[in-house]
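Chemist: Can you look at this prediction? I've put the sequence above it.
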Protein chains: 4
Amino acid sequence: MTHHEDTRALILQAALKSIAVNGFHGTSMSKVAQAAKISAATIYYYFEGKDELINELYKTIKANLLRAVIVEQDETLPLRAQLRQIIKNLIKYLILHPQDAAFMEQFDRSPYNQLATQAELAPAFKRLMAVIDQAKQEQIIKDLPNELLEILTMDLASSIARKHAAGLLNVTEALLDQAVDACWDAIRR
Amino acid sequence: MTHHEDTRALILQAALKSIAVNGFHGTSMSKVAQAAKISAATIYYYFEGKDELINELYKTIKANLLRAVIVEQDETLPLRAQLRQIIKNLIKYLILHPQDAAFMEQFDRSPYNQLATQAELAPAFKRLMAVIDQAKQEQIIKDLPNELLEILTMDLASSIARKHAAGLLNVTEALLDQAVDACWDAIRR
Amino acid sequence: MTHHEDTRALILQAALKSIAVNGFHGTSMSKVAQAAKISAATIYYYFEGKDELINELYKTIKANLLRAVIVEQDETLPLRAQLRQIIKNLIKYLILHPQDAAFMEQFDRSPYNQLATQAELAPAFKRLMAVIDQAKQEQIIKDLPNELLEILTMDLASSIARKHAAGLLNVTEALLDQAVDACWDAIRR
Amino acid sequence: MTHHEDTRALILQAALKSIAVNGFHGTSMSKVAQAAKISAATIYYYFEGKDELINELYKTIKANLLRAVIVEQDETLPLRAQLRQIIKNLIKYLILHPQDAAFMEQFDRSPYNQLATQAELAPAFKRLMAVIDQAKQEQIIKDLPNELLEILTMDLASSIARKHAAGLLNVTEALLDQAVDACWDAIRR
DNA sequence: TATGAATGAGAGTTCATTCAT
DNA sequence: CATGAATGAACTCTCATTCAT
């Protein structure tokens, strides 16, 4: 059982690493297998196929991200501070996990995205949404559609992490603050 | 000669259409050929291979975008108005050309991106940069690295267009203004 | 395991047969696969590609040849008799294995040859060279560069086998002796 | 007309050069055209197709060779001297024209060879054969089938030229004499 | 005489997937 | 649980050849 989980995690890890660098296209099942030091056939014991593997990977990564963003949150702080903290966590997490960022960006822009995966992320996601909805109600942030708010936070953070990983943008502590400011200015009332 | 250019354009068009929907992976040379109603071998008369085809496509699309964004600009307006106009143009163009938006987003996040394509876009790009640099000097916008400013404008616009095309965000005239406001708030002093 | 070796040998056999008749050019991987009654993809499980397949084939064939030429040799005979025996074995082997002969001739004259394959044939090759070197020292044969001696024996034998296979030269027992005589006269002191 | 002949010769020359280096397989019509600085389509004005081109090339090269071998011959010399001269000319010519040598060797061992080309070389060939037949009658050389004699002269010379061109055998003036001796010993009574 | 443009056929190769062991 | 062996389908790309101009 532990062994079982280990192997499964190993596969996901190897797939993530390869996809982040080589893309979906450049990541074959046999290369994933090689990287995980198992046989390609073994992957099919753990996953139905490449599509399922990638979708599982997405769910895992997204869940990790959401958890990390919310987990260190101080609920006693004023909403404004909480929201800035969330944005900051988001950027920091993606910079610390560039493979996750690269994977998610590719996934969101690929045909894989069209498969209905999103729903299953509910638990952690709801927590985040609650904060946002409350902030809207309290007129702390603009009354924009959630999808647009997501762009102004999540997508922005992703792009920052991508440029940082590519060496095009050096995200120092100072720049991180500037970036959070910019994000915040975009959504605040 | 005209004939020659026609075929080339036909191929680029067919490739764009397919890539926007099916991604790089799902777009084979033979499918492009079929869509363009030519033989697959013909593509190789116009392009060295898939990589060159995709890079040429990128250059074409990016050049079109930059031209469109700048072309309708009124240089007599105050910088602030000019910048807002540019951001609005950007979003509008990408919404009107969702295939271009989808292609560019994929390209930027794929290994293709690592080939040194960027340099050749200079002409139109410089015009845009001049406006931005001046705005920074006049302290109209924040003194942020250009790469971050690009994220806060170009990447944002891309994401908006993507969500709109996916039916997740309905960009009405009113929402367009809200989005421009948000962008502008993010970068303005 | 046995199964494994069988398939590999089957592929080599099919490739040899086709190359001998149709040349490298006329021998496609799919034709080899058809002849071996396997899928073309299977070849790639055993060989990296066409080049490796051909090089492996060369090594196998050359090793077989060298072994056959030396194996039946009576080391108690005088050197002169041993050498004549070797030459005779050479011609006989190539006439009995016309596909091997055809393959080797093509290989030696093709660009494949330039890849560094030769070194690996050492073991059997050294035995042969020892005999030749000794014969040179004992002044039984001319003091010519080994490469020239190879031409006067190996290449000659190849050509004889080729013409025989093509029906241009009928190598009877009598002619075989004449050919050995001619070879021997060419190299003897 | 002159122009016509020039272009034709240019094509043959380009084809020879490429085939000698890259083999039949590695020599495409378009590469030949490029090397000749003409359009690929133009080749088809001068030759029916690749096969005819290669066969014409063979005829041209073989005719040149035969002419060169015989042309400088002193018919007043004794037969023995004439024959040695012919062998020497053969080797020298092939060493001076390594592309011709490489081409002929490949041709003779390829499926192209099976097309009935040989007959057309008659004129120069007959002269050579006359000398050989007379030498056989006068019991100066062994009474071997002409095909075997060809091996012992032409094929040998080819192999020497090939190894020389490959840098495996350095044919100095001295070695040339040794090679002629060996050849001669092989065929003389 | 020469060629730009086009193509059907087929090359080598990779892939996701299967299944007996 | 794990895998060696196998494969059909599809991929990128090249080739010899054609033909209107």
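Modeler: Yep, it's here.
Chemist: where does chain A have low pLDDT?
Modeler: Where chain A drops to pLDDT under 70, the residues are A:1-3, A:115-124.
Chemist: which stretches of it form helices?
Modeler: A:2-22, A:29-36, A:40-46, A:50-71, A:79-96, A:98-108, A:122-137, A:146-150, A:156-165, A:173-187 (DSSP state H).
Chemist: what about stretch A:93-101, start to end distance?
Modeler: The straight-line separation of the ends of stretch A:93-101 (CA to CA, to the nearest Å) is 9 Å.
Chemist: For A:Arg8, list the residues it contacts.
Modeler: A:Tyr46 (CB atoms under 8 Å, 6 or more residues apart in numbering or on different chains). (Glycine included, C-beta is placed from N, CA and C.)
Chemist: What separation is there between the closest residue to A:Met129 other than its chain neighbours and B:Ala179?
Modeler: Leaving aside its chain neighbours, A:Met129 sits nearest to A:Asn146 (7.1 Å; criterion: CB to CB, 6 or more residues apart in numbering or on different chains). A:Asn146 sits 14 Å away from B:Ala179, going by CB to CB, to the nearest Å.
Chemist: start to end distance for stretch A:166-182?
Modeler: 21 Å.
Chemist: Residues in contact with that stretch: which ones?
Modeler: Contact with stretch A:166-182 is made by A:84, A:87-88, A:91-92, A:95, A:156, A:160, A:163-164, B:142, B:144-145, B:147-148, B:151-152, B:186-187, as judged by CB under 8 Å, 6+ apart.
Chemist: just the buried members of the residues you listed?
Modeler: Listed as buried from those are A:84, A:87-88, A:91-92, A:95, A:156, A:160, A:163-164, B:142, B:144-145, B:147-148, B:151-152, B:186-187; burial here means 16 or more other CB atoms under 10 Å in any protein chain shown.
Chemist: which residue does chain A bring closest to chain C?
Modeler: Going by CB to the nearest CB, chain C is nearest to A:Ser30 of chain A, at 11.0 Å.
Chemist: So which residues on chain A come close to chain B?
Modeler: A:21-26, A:102, A:105-106, A:109-111, A:142, A:144-145, A:147-148, A:151-152, A:155-156, A:159-160, A:162-163, A:168-169, A:175, A:178-179, A:182-183, A:185-188 (CB under 8 Å from any CB of the partner chain).
Chemist: Give me the distance between the two termini of stretch A:20-32.
Modeler: Stretch A:20-32 has an end-to-end distance of 12 Å (criterion: CA to CA).
Chemist: Counting neighbours, which bits of that stretch end up buried?
Modeler: A:Ala20, A:Gly23, A:Phe24, A:His25, A:Thr27, A:Met29, A:Val32.
Chemist: hmm, which two among the residues you listed are most spread apart?
Modeler: Pairwise distances across the buried residues of stretch A:20-32 peak at 16.6 Å for A:Ala20 and A:Met29 (criterion: CB to CB).
Chemist: who in chain A is up against DNA strand F?
Modeler: Proximity of chain A to DNA strand F (CB under 7 Å from any atom of the strand) is limited to residues A:Met1, A:His3, A:His4, A:Thr7, A:Ile38, A:Ser39, A:Ala40, A:Ala41, A:Thr42, A:Tyr44, A:Tyr45.
Chemist: before we move on, back to that, once you drop chain neighbours, what's closest to the residue of chain A closest to chain C?
Modeler: Distances taken as CB to CB, 6+ apart put A:Ala40 closest to A:Ser30, at 4.6 Å, once the chain neighbours are dropped.
Chemist: And A:Ile54, by the same measure?
Modeler: Per CB to CB, 6+ apart, closest to A:Ile54 is A:Tyr112, 5.7 Å.
Chemist: do the same with A:Phe24
Modeler: Counting by CB to CB, 6+ apart, B:His25 is the residue found nearest to A:Phe24 once chain neighbours are left out, at 5.8 Å.
Chemist: who's in contact with that neighbour?
Modeler: Shown in contact with B:His25 (CB under 8 Å, 6+ apart): A:Gly23, A:Phe24, A:His25, A:Ser110.
Chemist: Would you quantify the distance from it to chain D?
Modeler: 30 Å (CB to the nearest CB, to the nearest Å).
Chemist: Check A:Gln85 too.
Modeler: 64 Å.
Chemist: just checking, that residue touches A:Glu75?
Modeler: No. Distance between A:Gln85 and A:Glu75: 10.6 Å, which falls outside the contact criterion (CB atoms under 8 Å).
Chemist: Which one of those two is surrounded by more residues?
Modeler: A:Gln85 (17 against 8; other CB atoms under 10 Å in any protein chain shown).
Chemist: How many neighbouring residues does the closest residue to that one other than its chain neighbours have?
Modeler: Of all residues not flanking A:Gln85 in the chain, A:Gln73 sits nearest, at 6.2 Å (CB to CB, 6+ apart). By the measure other CB under 10 Å, the count of residues near A:Gln73 is 17.
Chemist: What count of nearby residues applies to A:Asp143?
Modeler: Per other CB under 10 Å, the neighbour tally for A:Asp143 reads 10.
Chemist: can you pull the buried residues of stretch A:49-64?
Modeler: A:Lys50, A:Leu53, A:Ile54, A:Asn55, A:Glu56, A:Leu57, A:Tyr58, A:Ile61, A:Lys62.
Chemist: what's the closest of those residues to B:Leu79?
Modeler: A:Lys62 (40.1 Å).
Chemist: I'd guessed that closest one sits against A:Met104; true?
Modeler: Yes. A:Lys62 is in contact with A:Met104 according to CB under 8 Å; the separation is 6.8 Å.
Chemist: Next to chain D in this structure, residues from chain A, please.
Modeler: Counting by CB under 8 Å from any CB, no residue of chain A sits close to chain D.
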